[in-house]
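Visitor: Task: produce atomic coordinates for the following.
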Amino acid sequence: AVKYKGKKLELKNAEQAHAAEAALAKAQYIVSKAERKERKRHPVPPFTTSNLQQEANKKLNFSAKKTMMVAQQLYEGVSLGKAAVGLITYMRTDSVRLADVAIDEIREYIKNNLGNEFCSPKPNHYSAKKNAQDAHEAIRPTSVLRTPEEIAKYLTVDQLKLYTLIWKRAVASQMSDALYDMTTLLIDADDYQLRATGSVLRFPGFLAINSKLSDEEKDKTVPYIEEGKQLVLHKLMPAEQHFTEPPAHFTEATLIKELEEKGIGRPSTYAPTIVTIIARGYVVKEGKKLLITELGNQTTDMLTQYFQGLISIPFSATMEADLDLIAEEKANWVEVLRK
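Guide: Just a heads-up that it's a prediction; the model follows:
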């Protein structure tokens, strides 16, 4: 409920909440206003190293180390009957760029196999992050025509899972937008007014390649219902009180995201960094969570106390920026090293 007798509803204690609950239980529900708007959802770029590690951790439960090990196998080549073929492009990259020849092949594949309406009107190009070196293109299949289904018999279970993830992401990056009908309903319930917002998928676009909708999307499905329509109460769910919670523990996926956002390390160092902190006992893995140990706490305290200049979040990012300036002959390398 959002309003009571035309004013913003504020429930300050359990007594008021129970009174509202009792009134709503026997109220008549009528749609007083209905709005429908179109919302577009754009496809996401093809994989960089960090995105691949995050998605493989979330969807396949692969560690960053395992992801890179399996990606290396796909890159070096897998025997497809007669000869070994490299199935993906280089897997250590911070670029979202695709070669023109790859874009053309992917777009042709979409038109031939999914239909013209699923291909974006013009090639989709994505912007790299400002500190990206863009030395290699994004991670993609060397040929989109080698579909996961066709080469499944030549791959191990893990290789097939990772290849499928990479193949689908590359194809989806050149597909059309998903279209939703966004619905907002205002519902009068005697003295109270309720609001329901959600969406219904009208055209899947790039989601057609990833057929599963997330639980969150399923929960937010709200159909359009005409004004004046009477509704029947199905279930009354009292609002839960939320308390401030501490930040969640890092998983490998969220830690890699943090490293990338803060400019710590490069695509080649995310996985080794996590392997090292676990091997040295600074953190332990519990399920997907990375939990700091007493040794990790003590080490962090000592390093930040005695090496403040080096143990600082921006150090790595600043160093990368300085190296770029040296490469462009805009900074003196001796001074940078001395500093």
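Visitor: So Gly287 versus Phe62, what's the distance?
Guide: 14 Å (C-beta to C-beta, to the nearest Å). Bear in mind the C-beta positions are built from the backbone N, C-alpha and C, glycine included.
Visitor: Repeat that for Ile209.
Guide: On the measure of C-beta to C-beta, Ile209 and Phe62 end up 20 Å apart.
Visitor: again with Glu15
Guide: 51 Å.
Visitor: More neighbours: which of the two?
Guide: Using other C-beta atoms under 10 Å as the criterion, Glu15 and Phe62 rank with Phe62 on top: 24 against 9.
Visitor: dump the residue contacts of that one.
Guide: 56, 70, 158, 161-162 (C-beta atoms under 8 Å, 6 or more residues apart in numbering).
Visitor: Can you give me every residue that contacts the closest residue in space to Gly205 that isn't next to it in sequence?
Guide: Counting by C-beta to C-beta, 6 or more residues apart in numbering, the nearest residue to Gly205 once its immediate chain neighbours are dropped is Ala178, at 4.0 Å. Residues near Ala178 by C-beta under 8 Å, 6+ apart: 40-41, 201, 203-207.
Visitor: And Gly77, by the same measure?
Guide: 84-87.
Visitor: rerun at 7 Å
Guide: Contacts for Gly77 (C-beta atoms under 7 Å, 6 or more residues apart in numbering) come out as 84-86.
Visitor: Find the residue at the geometric middle of the protein.
Guide: Compute the mean C-alpha point of the chain, and by C-alpha atoms, centre = their mean the closest residue is Glu55, 7.0 Å away.
Visitor: That one reaches Leu162, doesn't it?
Guide: No: contact status for Glu55 versus Leu162: not in contact, 9.7 Å apart, counting by C-beta atoms under 7 Å.
Visitor: For the nearest residue to Leu60 once chain neighbours are set aside, give its distance to Asn113.
Guide: Nearest non-adjacent residue to Leu60, counting by C-beta to C-beta, 6+ apart: Lys161, 5.2 Å away. Distance, Lys161 to Asn113, by C-beta to C-beta: 21 Å.
Visitor: Tell me where the stretch 1-150 of the chain is predicted with low confidence.
Guide: 1 (pLDDT under 70).
Visitor: Which parts of it are helices?
Guide: For the stretch 1-150 of the chain, the helices defined by DSSP state H, counting those that start in this stretch occupy 14-25, 49-59, 64-76, 100-113, 148-151.
Visitor: quick one: contacts for Thr299?
Guide: Tyr282 are the contacts of Thr299 under C-beta under 7 Å, 6+ apart.
Visitor: Check the average confidence over the helix or strand containing it, would you?
Guide: In this structure, Thr299 sits in helix 294-306 according to DSSP states H and E. Helix 294-306 comes out with an average pLDDT of 94.
Visitor: Next, the buried residues of it.
Guide: Buried residues in helix 294-306, counted by 16 or more other C-beta atoms under 10 Å: 296, 299.
Visitor: Who are the packing partners of whichever helix or strand comes after it?
Guide: Using DSSP H and E, the helix or strand that follows helix 294-306 towards the C-terminus is helix 314-327. Secondary-structure packing of helix 314-327 (3 or more C-beta pairs under 7 Å, 6 or more residues apart in numbering; DSSP states H and E): helix 333-338.
Visitor: thinking Val200 is in contact with Thr221, fair?
Guide: Yes: counting by C-beta under 7 Å, Thr221 is a contact partner of Val200 at 5.9 Å.
Visitor: now the longest helix along the chain and helix 64-76, what's the angle there?
Guide: When the chain is scanned for its longest helix (criterion: DSSP state H), the result is helix 157-172. Angle of helix 157-172 versus helix 64-76, following axes from the mean of the first three to the mean of the last three C-alpha atoms, to 10 degrees, is 80 degrees.
Visitor: Within its sheet, name the partner strands of the following helix or strand past helix 157-172 and how each one runs.
Guide: Moving toward the C-terminus from helix 157-172, the next helix or strand (DSSP H and E) is strand 178-189. Within its sheet, strand 178-189 is paired with strand 29-41 (antiparallel), strand 192-203 (antiparallel), according to DSSP bridges.
Visitor: Please identify which of the helices of the stretch 1-150 of the chain is closest to Lys330.
Guide: helix 49-59 (27.3 Å; C-beta to C-beta).
Visitor: my guess is Tyr4 contacts Leu194, does it?
Guide: No: taking contacts as C-beta under 7 Å, Tyr4 lies outside contact range of Leu194: 10.7 Å.
Visitor: Roughly how far does the nearest residue to Phe47 once chain neighbours are set aside sit from Ala170?
Guide: Once flanking residues are discounted, Phe47 sits nearest to Ile139: 4.2 Å by C-beta to C-beta, 6+ apart. Using C-beta to C-beta, we find Ile139 at a distance of 8 Å from Ala170.
Visitor: if I look at those two, which residues touch both of them?
Guide: With C-beta under 7 Å, 6+ apart, Ile139 and Ala170 have common neighbours Pro46.
Visitor: How far does stretch 322-335 stretch from one end to the other?
Guide: With C-alpha to C-alpha, to the nearest Å as the measure, the ends of stretch 322-335 fall 10 Å from one another.
Visitor: give the contact list for the residue nearest to Phe47.
Guide: Ile139 makes contact with 46-47, 52, 88-89, 91, 93, 166, according to C-beta under 7 Å, 6+ apart.
Visitor: Try it again at 6 Å.
Guide: 47, 52, 88-89, 91, 166 (C-beta atoms under 6 Å, 6 or more residues apart in numbering).
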